[in-house]
Each structure stands twice: as C-alpha cells, then as structure tokens.
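Enquirer: Okay, here's the prediction I keep looking at, along with the sequence it came from:
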Amino acid sequence: MVAMQIPAPGAALRRIERPIPDPGPGELLIEVAACGVCRTDLHVLDGEISAHYPIIPGHEIVGRVAARGTDVEGFAIGQRVGVPWLGHTCDICSYCRAGRENLCDAPLFTGATRDGGYASHAIADARYCFDLPDCFSDVEAAPLLCAGLIGWRALRLAGPANVIGLYGFGAAAHILAQVARHQQRTVYAFTRYGDTAGQDFARSLGCAWAGGSSEKPPALLDAALIFAPAGELVPRALRSVKKGGRVICAGIHMSDIPSFPYADLWEERQILSVANLTREDGTSFFELIGGMELHIVTQSFPLDQANQALQSLREGKVKGAAVLVPPIPTA
Ligand SMILES: [Zn+2]
Ligand SMILES: [Zn+2]
C-alpha cells in the first residue's frame with residue numbers, strides 16, 4: 001500500500017510504502033477511493049491537537065471493503081463504506097454508557113490516534129463505519145464524513161433556530177447551508193473580509209445574505225455556527241445573536257478567544273463547543289441527506305499531492321472541500 005504520512009508535528013507529509021495489512025477481529029480492510037482533507041488534518045500536521053506520530057492523517061474515508069476480520073457483522077466484500085473521525089470507543093466509560101460516545105474517555109480517532117485515509121488502504125473498526133447513500137460519488141461522499149457530519153452535530157446543537165449564521169464558508173458550511181435551507185431556516189454566511197467569491201458561492205447555495213465576519217447581518221441570529229479556527233469570531237458572533245441565542249464552535253482547535261464584556265453574554269446567550277460525533281449523528285445525517293438534493297463542491301488532488309492540498313486549505317484557496325484520490329490499483 002502507499003500512503004502519505006506525517007512523520008512528526010510540523011514536518012511535511014512524506015510518501016511511504018508498506019505491505020497491505022490484515023484486518024484484526026472486528027476490523028475491515030478498506031481499499032480507499034477518496035479521502036477528504038479537513039482542517040483538523042492541518043491541526044494534526046501542526047501538532048496543535050493530540051495525535052500519535054508518525055501518523056497517516058485523513059478521517060473522511062470512502063472506500064470499498066477488501067477484507068473482513070473475524071467477528072465483523074453487516075458488511076460485505078466490495079461494499080462501499082465511509083470511515084469518520086470517531087474510530088473507536090471503549091463502550092464502558094460513563095459517557096459511552098450515557099449515549100455520549102463522542103466524549104468517550106478512551107477513544108481512537110481516525111487519522112490522529114489511529115492511521116487514516118491518506119492512503120491506498122486503511123484498516124477501520126467495522127462498528128464505526130457507515131453505509132453511504134448511493135446518490136453521491138466517492139469524491140462527493142468524502143467531505144460528508146466530517147465536514148458534513150460534525151456540521152450536522154453543530155446544527156443540531158443550535159436547536160430550533162430560525163435564523164442561522166455560518167462563520168467560515170468552507171467544506172462544512174457549504175454543506176450545512178443547504179441542509180439548513182432544506183429545513184426551512186434562513187442562513188447568513190460570514191466570510192473573510194473582502195472574500196467576494198466566497199460570498200457569491202454562499203448566495204449560490206441559498207444563503208439569504210453573505211458578508212464579511214465583522215459586518216452586521218440584516219437581522220439578529222438565533223444561532224451562530226463557527227467553522228473558522230479564529231477565536232476572535234466568538235465575541236463577534238455573540239454580538240450578533242439574539243437573547244437566548246447560541247454560539248456554537250464546531251472546530252477542534254481555535255486561536256484564543258479575546259475577552260469581552262459580560263453584557264454580551266448576558267440574557268442567556270450561550271457559547272458551546274462541538275466535540276467529535278456519535279454514530280447516531282451519522283445515521284441520522286445520512287438518512288436526511290439521502291432524501292434531499294445536496295450540491296457538494298469538491299476540488300480533487302492526487303494522493304501524492306497531499307501537501308499541496310493542505311497548503312491550499314491553509315491559504316483559504318479551496319472552494320468547497322478538498323479531496324485526495326489515491327492511484328488506481330494496478331493489480
Ligand atoms: Zn468510552
Ligand atoms: Zn474533520
């Protein structure tokens with residue numbers, strides 16, 4: 001198999017080759033067809049979140065089952081599957097037992113603490129893999145597995161909010177804007193200052209308004225979802241939500257949040273973070289989007305251009321979601 005591996009925090013990815021592994025009990029060997037590039041991969045690359053190095057990143061894996069370990073139920077050889085960020089949980093900690101496996105005390109995360117999908121092949125715990133709706137191509141389905149799924153969890157935390165603001169209009173927001181529109185909500189998009197292309201993109205996907213993150217939206221928000229890793233957006237979003245409104249931070253890492261007057265939080269405004277996902281988030285999300293028209297915009301890169309893909313994401317140059325495509329197997 002071939003893979004792009006991060007040798008140590010801060011070091012560029014390098015191409016490696018190794019024998020194709022055998023799946024252990026409960027595991028699937030997956031031939032990777034596409035793997036999304038997520039901002040979290042940049043945080044792994046930069047050593048900003050805890051990961052085990054060397055690591056093959058990538059937690060938006062779409063592929064086909066090539067082999068099954070013992071004790072695998074429900075997956076056939078050749079079946080298309082998706083592998084998300086949550087790669088394993090302990091089943092016994094208080095969070096797992098309370099149905100909050102996203103907060104498990106002993107989890108494994110795909111592409112951070114177990115090898116991920118920047119590769120021709122990947123091993124995954126079958127219990128955390130998803131069957132995917134047929135209406136999406138492999139490349140389109142990849143960003144659903146984190147950008148879509150974690151975005152969905154963030155949207156659920158927003159509750160019955162009618163007016164939603166999305167801060168940072170990348171892979172997650174471009175999917176979530178459409179989901180929120182499908183649910184009859186009004187969506188405003190906040191981009192980097194002067195990013196008129198991003199604002200046009202947002203309006204083309206049904207956003208009622210798009211502007212810079214320091215601009216005033218046409219109406220106050222019921223909830224703000226922050227996808228950009230910039231802590232200064234938190235007090236800014238807080239000033240744009242109504243009484244009782246929520247500001248939801250959907251990323252795994254953010255720069256420090258500047259201090260702000262308590263008056264901005266007063267009147268039961270809330271700030272929440274979203275951590276990981278549960279398998280139930282996945283099943284409910286895929287059920288919902290399987291029945292709606294979703295336009296997924298991707299930019300594909302060959303697997304060996306993973307460094308370039310990450311750099312494009314870092315510079316904000318990717319429209320929609322970046323997706324890596326491994327070489328077609330020769331044998
Ligand atoms: Zn647990
Ligand atoms: Zn991700």
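Expert: Received, thanks. Residues are numbered from 1 along each chain as shown. Ligands and ions are numbered 1, 2, ... in the order given.

Enquirer: C-alpha from now on. contacts and neighbour counts both.
Expert: Will do.

Enquirer: And E60, how close does it get to ligand 2?
Expert: E60 sits at a distance of 7 Å from ligand 2 (criterion: Cα to the ion, to the nearest Å).

Enquirer: show me the contacts for the one residue in the stretch 51-200 of the chain that gets nearest to ligand 2.
Expert: Closest to ligand 2 within the stretch 51-200 of the chain is C146: 4.5 Å, counting by Cα to the ion. C146 makes contact with C38, H59, E60, P84, W85, A172, according to Cα atoms under 8 Å, 6 or more residues apart in numbering.

Enquirer: so who does the second one touch?
Expert: In other words, H59. C35, G36, C38, V83, P84, W85, T110, G111, G116, G117, L145, C146 are the contacts of H59 under Cα under 8 Å, 6+ apart.

Enquirer: Go again with 7 Å.
Expert: V83, P84, W85, T110, G111, G116, G117 (Cα atoms under 7 Å, 6 or more residues apart in numbering).

Enquirer: got the CA coordinates for stretch 192-211 in PDB?
Expert: Presented in PDB, the C-alpha positions along stretch 192-211 are these (Å, rounded to 0.1, in the frame of the first residue of the first chain):
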ATOM      1  CA  ARG A 192     -13.100  36.500   5.500                       C
ATOM      2  CA  TYR A 193     -13.100  40.300   4.800                       C
ATOM      3  CA  GLY A 194     -13.300  41.000   1.100                       C
ATOM      4  CA  ASP A 195     -13.900  37.400   0.000                       C
ATOM      5  CA  THR A 196     -16.500  38.300  -2.600                       C
ATOM      6  CA  ALA A 197     -16.000  34.900  -4.400                       C
ATOM      7  CA  GLY A 198     -16.800  33.100  -1.100                       C
ATOM      8  CA  GLN A 199     -19.800  35.300  -0.600                       C
ATOM      9  CA  ASP A 200     -21.100  34.700  -4.100                       C
ATOM     10  CA  PHE A 201     -20.600  31.000  -3.500                       C
ATOM     11  CA  ALA A 202     -22.700  31.200  -0.300                       C
ATOM     12  CA  ARG A 203     -25.500  33.000  -2.000                       C
ATOM     13  CA  SER A 204     -25.500  30.500  -4.900                       C
ATOM     14  CA  LEU A 205     -26.200  27.800  -2.300                       C
ATOM     15  CA  GLY A 206     -29.300  29.500  -0.900                       C
ATOM     16  CA  CYS A 207     -27.800  31.900   1.800                       C
ATOM     17  CA  ALA A 208     -30.100  34.900   2.100                       C
ATOM     18  CA  TRP A 209     -27.200  37.200   2.900                       C
ATOM     19  CA  ALA A 210     -23.400  36.900   2.800                       C
ATOM     20  CA  GLY A 211     -20.800  39.400   4.000                       C
END
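
Enquirer: Report the buried residues of that stretch.
Expert: Across stretch 192-211, burial judged by 16 or more other Cα atoms under 10 Å covers 192, 198-199, 201-203, 205-211.

Enquirer: Could you pick out which of those residues are located in strands?
Expert: Among those, the members found in strands (DSSP state E) are W209, A210, G211.

Enquirer: Distance to G231 for those residues - can I get that in JSON lines?
Expert: What follows is those, written out as JSON lines (distance: Cα to Cα, whole Å):
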{"residue": "W209", "distance to G231": "23"}
{"residue": "A210", "distance to G231": "20"}
{"residue": "G211", "distance to G231": "18"}
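
Enquirer: with those residues in mind, which one is nearest to Q183?
Expert: Proximity of those to Q183 (Cα to Cα) peaks at W209, which lies at 17.1 Å.

Enquirer: What about the closest residue to that closest one other than its chain neighbours, how many residues nearby?
Expert: Closest residue to W209 apart from its sequence neighbours, by Cα to Cα, 6 or more residues apart in numbering: Y188 at 4.9 Å. Y188: 25 surrounding residues under other Cα atoms under 10 Å.

Enquirer: Any chance you could list what contacts the helix or strand containing I175?
Expert: Here I175 sits within helix 171-182, counting by DSSP states H and E. Residues outside helix 171-182 that contact it (Cα under 7 Å, 6+ apart): 143, 147-148, 151-152, 166, 187, 202, 205-207, 294, 296, 320-321.

Enquirer: buried ones in stretch 75-83?
Expert: So for stretch 75-83, counting by 16+ other Cα under 10 Å, buried means F75, R80, V81, G82, V83.

Enquirer: ok, so what distance separates the second one from C146?
Expert: What it means is R80. Using Cα to Cα, to the nearest Å, R80 is found at 17 Å from C146.

Enquirer: Okay, now the unreliable bits of the stretch 101-250 of the chain?
Expert: For the stretch 101-250 of the chain, no stretch is flagged by pLDDT under 70.

Enquirer: Which single residue in it comes nearest to ligand 1?
Expert: Closest point on the stretch 101-250 of the chain to ligand 1, by Cα to the ion, is C104, at 3.6 Å.
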